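Undergrad: give me a model of this one.
(2 chains)
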Amino acid sequence: MPSTSCATGPARRRFSDSRVSADLRAARRRLLLDSAGIAASAIGFALVFGLAARDAGYSLLEACAMSVIAFAGAAQFAAVGYVAAGLPWLPIIVLTFFLNARHLLYSASLAPRLRRVSFLQRAAMAHVLTDEAFALAATHFHRVGRVDVPGYWIGAVLAVFIPWNLATIAGYLLGSAIPDPAVLGLDIVFPAAMAGLAVGLMTGRREIVAAGAGAAIGVVASLLLGPSVGIVVGGLVGPLVGMAMPAPAHDAAPGVGAHAHADELHPMSSVPLGHVNLDEAIDEADADSHLDAVTPKPPMPFGTFDVEKALEESDEDTRTEGRE
Amino acid sequence: MSTDLVLLAVLMGAVTYPSRALPMLAPGIERLPPRALLYLRLVGPAVLASIAASQTLVHTSNAGVPQIVIGPEVLGVLVCMAIVWWRRNLFLGLLAGVFLVALLRVAGIG
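TA: Presented below is the predicted three-dimensional model:
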């Protein structure tokens, strides 16, 4: 009934806007909680870096410059060792390049989602792109089903950049009063956080296979070529194994009208927009809204597609039906 | 106060920034073919799993040779993953993992 659809369209839109907003707030709360664990890891290691830098003869300004400008944990630690050993700068710079080459993967993976963000902002985002920032951003974007720029800054700056730099200063000033992070078990925070965030991204068969293959190949390559190379090899080859898996049955179905290219619009969504029945999704969300107060549930009822775009297209369809 | 190494920090930043920025700033990244976009979508789980597995299982010996070591860290990471999968709560998983590893180390295991 077109007239009914027209009448409910704006109301549905308002409902869904508030729903999306509530979901976004819930997702950001989870992001903050996830960030707390990452920040603890960053603080632990930056304290040690500050201490190591002081022992290697860095001034406080030089230690801070490393953490602000280079902002690359493994390379900073390597540089401390090489500077202390009196090595020339060239090998340090070459090593830094290779140690950080994996950031190409992170940047390329996030790039399709950030295409609508301004050039200057992307340029600034790139400086704070680290393992942890990528992990938090990828999981958060996946959770909310679209780009959330403030969410990126929360993960990259609040969880990593600020704690890393403050702890560098603290480590430098406090010196040997700092306990070894391994004694407190903090040395496992980083790998455990990476594993936990990977779990959050395993939403389909291909993602699970890519993660399993990435882990296995990463370990083997680390044994053969060293961990810094092995991680990159796992990250490069794992997705190819995931892609070799047959597509889910619904992906093989013909595209649905204007939504046929939804995969291109939402490259990190596990459920293409074209295969979502919007009316059913909204009805389910309506039913969910009565249960949310009592049912603990991951805040991602719309986490697999872009709700705003879907609603715009739905309203457009509804108006077209009304005119017909 | 010495400032010599500030220049080294700048040079290290200069060789790090392009790998962080080039794909993000490249024009037309959204016009990649669907297969390429699918590949990029799968990079996230693959590289995070690769980091986690390598950091947990592979340790470099004093002689500089990488080798597999199964220690309490493996248990800590698995517990963290299980809790994240079950409760969707990373912080809780990390707390449990860290607590378990610290406990095992105090007990002299690992």
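Undergrad: got the CA positions of the longest helix anywhere in chain B in CSV?
TA: For chain B, the helix with the greatest residue count under DSSP state H is helix B:34-57. Only the C-alpha atoms of helix B:34-57 are listed here, as CSV (Å, rounded to 0.1, in the frame of the first residue of the first chain):
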residue,chain,number,x,y,z
PRO,B,34,35.6,-5.9,-6.2
ARG,B,35,38.1,-8.7,-5.9
ALA,B,36,40.7,-6.2,-4.7
LEU,B,37,38.3,-4.7,-2.2
LEU,B,38,37.4,-8.2,-0.9
TYR,B,39,41.2,-8.8,-0.5
LEU,B,40,41.5,-5.6,1.5
ARG,B,41,38.5,-6.5,3.6
LEU,B,42,40.2,-9.8,4.6
VAL,B,43,43.6,-8.1,5.4
GLY,B,44,42.3,-7.1,8.8
PRO,B,45,41.5,-10.5,10.3
ALA,B,46,44.6,-12.0,8.6
VAL,B,47,47.2,-9.6,9.7
LEU,B,48,45.8,-9.3,13.3
ALA,B,49,45.8,-13.1,13.6
SER,B,50,49.3,-13.2,12.1
ILE,B,51,50.6,-10.7,14.7
ALA,B,52,48.9,-12.5,17.6
ALA,B,53,50.2,-15.9,16.6
SER,B,54,53.7,-14.8,15.8
GLN,B,55,54.1,-12.7,19.0
THR,B,56,52.7,-15.5,21.1
LEU,B,57,54.3,-18.6,19.6
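Undergrad: and the helix or strand just after that helix, what does it pack onto?
TA: Sequence order places strand B:58-60 as the next helix or strand after helix B:34-57, per DSSP states H and E. With contacts defined as 3 or more CB pairs under 8 Å, 6 or more residues apart in numbering or on different chains; DSSP states H and E, strand B:58-60 has these neighbours: helix A:205-225, helix A:227-244, strand B:66-68. Where you see a C-beta, it was placed from the backbone N, CA and C, and this is true even at glycine.
Undergrad: what strands line up against strand B:58-60, and which way round?
TA: strand B:66-68 (antiparallel) (DSSP bridges).
Undergrad: any chance you could list what contacts the partner strand?
TA: A:219, A:222-223, A:226-227, A:230, B:57-61 (CB atoms under 8 Å, 6 or more residues apart in numbering or on different chains).
Undergrad: quick one: buried ones out of those residues?
TA: Buried members of these, scored by 16 or more other CB atoms under 10 Å in any protein chain shown, are A:219, A:222-223, A:226-227, A:230, B:57-59.
Undergrad: with respect to residue A:94, which of the residues you listed is nearest?
TA: Relative to residue A:94, the closest of the buried ones among the contacts of strand B:66-68 is residue A:226; by CB to CB it sits at 14.8 Å.
Undergrad: and the spatially closest residue to that closest one that is not a sequence neighbour, bridged to which residues?
TA: Distances taken as CB to CB, 6 or more residues apart in numbering or on different chains place residue B:66 nearest to residue A:226, at 6.1 Å, with adjacent residues excluded. Residue B:66 forms beta bridges with residue B:60, as assigned by DSSP bridges.
Undergrad: number of residues surrounding residue B:66?
TA: 20 (other CB atoms under 10 Å in any protein chain shown).
Undergrad: same question for residue B:33.
TA: By other CB under 10 Å, neighbour count at residue B:33 equals 9.
Undergrad: so it versus residue A:177, what's the distance?
TA: 55 Å (CB to CB, to the nearest Å).
Undergrad: can you give me the helices in the stretch 51-200 of chain A?
TA: A:60-65, A:73-84, A:89-99, A:103-110, A:119-127, A:131-144, A:149-153, A:162-174, A:189-201 (DSSP state H, counting those that start in this stretch).
Undergrad: re earlier: same list, the buried ones among the contacts of strand B:66-68, but as CSV with distance to residue A:168 please.
TA: Formatted as CSV, those follow (distance: CB to CB, whole Å):
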residue, distance to residue A:168
A:219, 31
A:222, 27
A:223, 32
A:226, 26
A:227, 23
A:230, 27
B:57, 29
B:58, 27
B:59, 25
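Undergrad: which two among the residues you listed are spaced furthest apart?
TA: The widest separation within those (CB to CB) is 13.9 Å, between A:226 and B:57.
Undergrad: and stretch A:131-148, which residues are buried?
TA: Buried, per 16+ other CB under 10 Å, within stretch A:131-148: A:131-148.
Undergrad: restrict those to those near chain B?
TA: The overlap between the buried residues of stretch A:131-148 and the neighbours of chain B (CB under 8 Å from any CB of the partner chain) comes to A:131, A:134-135, A:138-139, A:142.
Undergrad: any regions of the stretch 151-300 of chain A where pLDDT drops low?
TA: A:249-300 (pLDDT under 70).
Undergrad: that older thread, any chance of the helices and strands packed on strand B:58-60 in JSON lines, plus distance to residue A:107?
TA: Output for the helices and strands packed on strand B:58-60, formatted as JSON lines (distance: least, CB to CB, whole Å):
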{"stretch": "helix A:205-225", "distance to residue A:107": "18"}
{"stretch": "helix A:227-244", "distance to residue A:107": "12"}
{"stretch": "strand B:66-68", "distance to residue A:107": "27"}
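Undergrad: quick one: closest of these to residue A:155.
TA: helix A:227-244 (18.7 Å).
Undergrad: does the closest one come close to chain B?
TA: Yes: applying CB under 8 Å from any CB, one finds that helix A:227-244 is in contact with chain B at A:227, A:230-231, A:233-235, A:237-240, A:242-243.
Undergrad: circling back: most packed of the helices of the stretch 51-200 of chain A?
TA: Stretch with highest mean neighbour count among the helices of the stretch 51-200 of chain A: helix A:189-201 (a mean of 28; mean count of other CB atoms under 10 Å in any protein chain shown).
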